[in-house]
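A.B. asks: Sequence below, structure please.
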Amino acid sequence: MPRKTVARTARLASIPLGVAGRTVGGWGKRLAGQTADQVSAEMSARTAEQLFAVLGQLKGGAMKFGQALSVFEAAVPDELAEPYREALTKLQSAAPPMSAATMHRVLAQQLGNGWASRFAEFDDVPAAAASIGQVHRAVWHDGRVVAVKVQYPGADEALRSDLRQLQRFSRLFQPFAPGLDVKPLLQELADRMTEELDYRAEAANQRAFAKAFAGDPQVLVPRVVASAPKVTITEWVDGRPLASIISGGTQAERDEAGRLLAEFHFSSPTRVGLLHSDPHPGNFMLTPDGRLCVIDFGAIARLPEGLPRPLGVMTRLAVEGKSEELAAQMRADGFIREGMKLDPEDVLGYLAPFAEPAASEVFHFTRRWMQRQAWRVGDVKGQDFKTGRSLNLPPQYLLIQRVTAGATGILCQLGAQVGVRAIISHWQPGFADDEG
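C.D. replies: Numbers count the residues shown, from 1 in each chain. Got it, this is the predicted structure:
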């Protein structure tokens, strides 16, 4: 992992500079006789290639940001998305690994010089390499097959440097996440990076999830075997990555994966008091026995009382079309600031489309649906854009909103048909218990 701030900044700056250079080159090709579509396709493909190369090689905050963006590719219009889709998807589960010697040094620092004696077998070739650490398959001394996650040296330094620099030209990444304000996303990642860097805290989170879902027929959370500040060891689980189902699954497989994901997302705050807050396909897979395996618990939201009740009430009122009551509820809970004048019908018009999945017994999540939502809230000439800019998102809801949007993005990537209304009715306070 490149550690020097100057070197990392130069690599990150190459992205907007490369885009600018290709734009100038594109005009030259137009003058030379190529069509606009030919030039645009070539520029998009080259930009996507550079994006993956830079963010993936740097790992750290750069790759973490790319992973966060990847779930929103479903909102990008089809004619623009294809060149970026593959590049962003790669960021979900792959990155250039660190050397075996470096990895051994980290293990010795974290587990002691005799670390190898704790394992009956250890594979030096990483099974996966991601933003701040890589995973190795091993056999624990008692015979259990385990996953050993080792943090990259300098990951903390790299995260801070990357996120500072990315914030400087955040607008250049807006096309990758239409309808999402990229700058607050970067700020949130910066605010939460300390939690993700402490593998002991992550292990504690995972133990809580594993205990709550122990024996569950739908969700599997691997148990923690051992942990240290920069190393965590958990039970190994084989399964089919969600990215594989997105790219080549049958409709039945997509529907089931979507149902399990929705069930996990909405049930966790009630069952665990925590919300898994890193929703991208690289953190989920389907096991041979049909369960959803969930990994990576570095980012969580603490919700000891479950999902906030006002969210359920507002969703129900939006579904029922009760604009006056909806506006009153939003004003009472701080979503409409004191003194802000908004037409209740405009508020309903802005929120009701987001509530569509809860309005029918089965909802078909599609890229086209998500693209429509992104277009209407991002159209600066439209009323929804003006209304959205006038609304307030209280800080305690920021992470919940981002995680729900990310999970919805995955459902749209899957193209899943899910009975999400029943799931929300069961787990979201305020949605069904006040209904009628």
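
A.B. asks: what are the phi and psi angles of residue 220?
C.D. replies: Residue 220 adopts backbone torsions of phi -120, psi 120, taken as degrees, to the nearest 10.

A.B. asks: and what of residue 417?
C.D. replies: According to degrees, to the nearest 10, residue 417 has phi -100, psi 110.

A.B. asks: list the contacts for it?
C.D. replies: 251, 254-255, 258, 362-365 (C-beta atoms under 8 Å, 6 or more residues apart in numbering). In short, each C-beta sits where N, CA and C put it, glycine included.

A.B. asks: Kindly report the domain assignment for the chain.
C.D. replies: Domain ranges of the chain: 5-91+156-183, 100-155+193-235, 309-427, per automatic domain parsing.

A.B. asks: What count of nearby residues applies to residue 124?
C.D. replies: Other residues within reach of residue 124, judged by other C-beta atoms under 10 Å, total 12.

A.B. asks: Mind telling me what element it is part of?
C.D. replies: In this structure, residue 124 sits in neither a helix nor a strand according to DSSP states H and E.

A.B. asks: Could you find the closest non-adjacent residue to it?
C.D. replies: Nearest residue to residue 124, sequence neighbours excluded (C-beta to C-beta, 6 or more residues apart in numbering): residue 100, at 4.2 Å.

A.B. asks: Against residue 354, how distant is the one you found?
C.D. replies: Going from residue 100 to residue 354 by C-beta to C-beta, to the nearest Å gives 48 Å.

A.B. asks: which of those two has more neighbours?
C.D. replies: Counted by other C-beta under 10 Å, residue 100 and residue 354 do not tie: residue 354 has more neighbours, with 15 against 12.

A.B. asks: wait, isn't that one in contact with residue 373?
C.D. replies: Yes - with contacts counted by C-beta atoms under 8 Å, residue 354 reaches residue 373, the gap being 6.6 Å.

A.B. asks: Show the contacting residues for residue 416.
C.D. replies: Applying C-beta under 8 Å, 6+ apart, the residues contacting residue 416 are 254-255, 257-259, 364-365.

A.B. asks: burial measure for residue 226, as a count.
C.D. replies: Neighbours of residue 226 under the rule other C-beta under 10 Å: 14.

A.B. asks: actually residue 102, sorry about that
C.D. replies: For residue 102, the tally of surrounding residues (other C-beta under 10 Å) stands at 14.

A.B. asks: Next: residue 359.
C.D. replies: Counted with other C-beta under 10 Å, the neighbours of residue 359 add up to 17.

A.B. asks: Please read off the pLDDT at it from the model.
C.D. replies: Residue 359 carries a pLDDT value of 95.

A.B. asks: Residue 421 is in contact with that one, correct?
C.D. replies: Yes - judged on C-beta under 8 Å, residue 359 makes contact with residue 421 at a distance of 7.2 Å.

A.B. asks: For residue 279, list the residues it contacts.
C.D. replies: Going by C-beta under 8 Å, 6+ apart, residue 279 touches 71, 265, 403, 406-407, 409-410.

A.B. asks: One more pass at 7 Å, please.
C.D. replies: Counting by C-beta atoms under 7 Å, 6 or more residues apart in numbering, residue 279 touches 71, 403, 406-407, 410.

A.B. asks: What lies in contact with stretch 344-361?
C.D. replies: Outside stretch 344-361, the residues that reach it (C-beta under 7 Å, 6+ apart) are 315, 318-319, 321, 323-324, 326-327, 330, 363, 365, 373, 383-384, 387-388, 419-421, 424.

A.B. asks: if I look at residue 393, how far off is residue 334?
C.D. replies: To residue 334, residue 393 is 9 Å away according to C-beta to C-beta.

A.B. asks: what do you get for residue 401?
C.D. replies: Separation of residue 401 from residue 334 (C-beta to C-beta) stands at 13 Å.

A.B. asks: just to revisit the earlier point, filter the contacts of residue 417 down to just the ones in strands.
C.D. replies: Counting by DSSP state E, the contacts of residue 417 place 363-364 in strands.

A.B. asks: Need the three-state assignment for the nearest residue to residue 115 once chain neighbours are set aside.
C.D. replies: Distance criterion C-beta to C-beta, 6+ apart; nearest residue to residue 115, sequence neighbours excluded, is residue 107 at 4.6 Å. Classification of residue 107 by DSSP: H, G, I helix; E, B strand; the rest coil places it in helix.

A.B. asks: Can you tell me how far residue 107 is from residue 101?
C.D. replies: Counting by C-beta to C-beta, the gap from residue 107 to residue 101 is 11 Å.

A.B. asks: repeat for residue 204
C.D. replies: Taking C-beta to C-beta, one finds residue 204 at 30 Å from residue 101.

A.B. asks: what about the two, which has more around it?
C.D. replies: Neighbour tally, residue 204 and residue 101, criterion other C-beta under 10 Å: the higher count belongs to residue 204, 14 against 8.

A.B. asks: pLDDT on the helix or strand where the more buried one lies, on average?
C.D. replies: Here residue 204, judged by DSSP H and E, is contained in helix 199-212. Over the span of helix 199-212, the pLDDT mean works out to 96.
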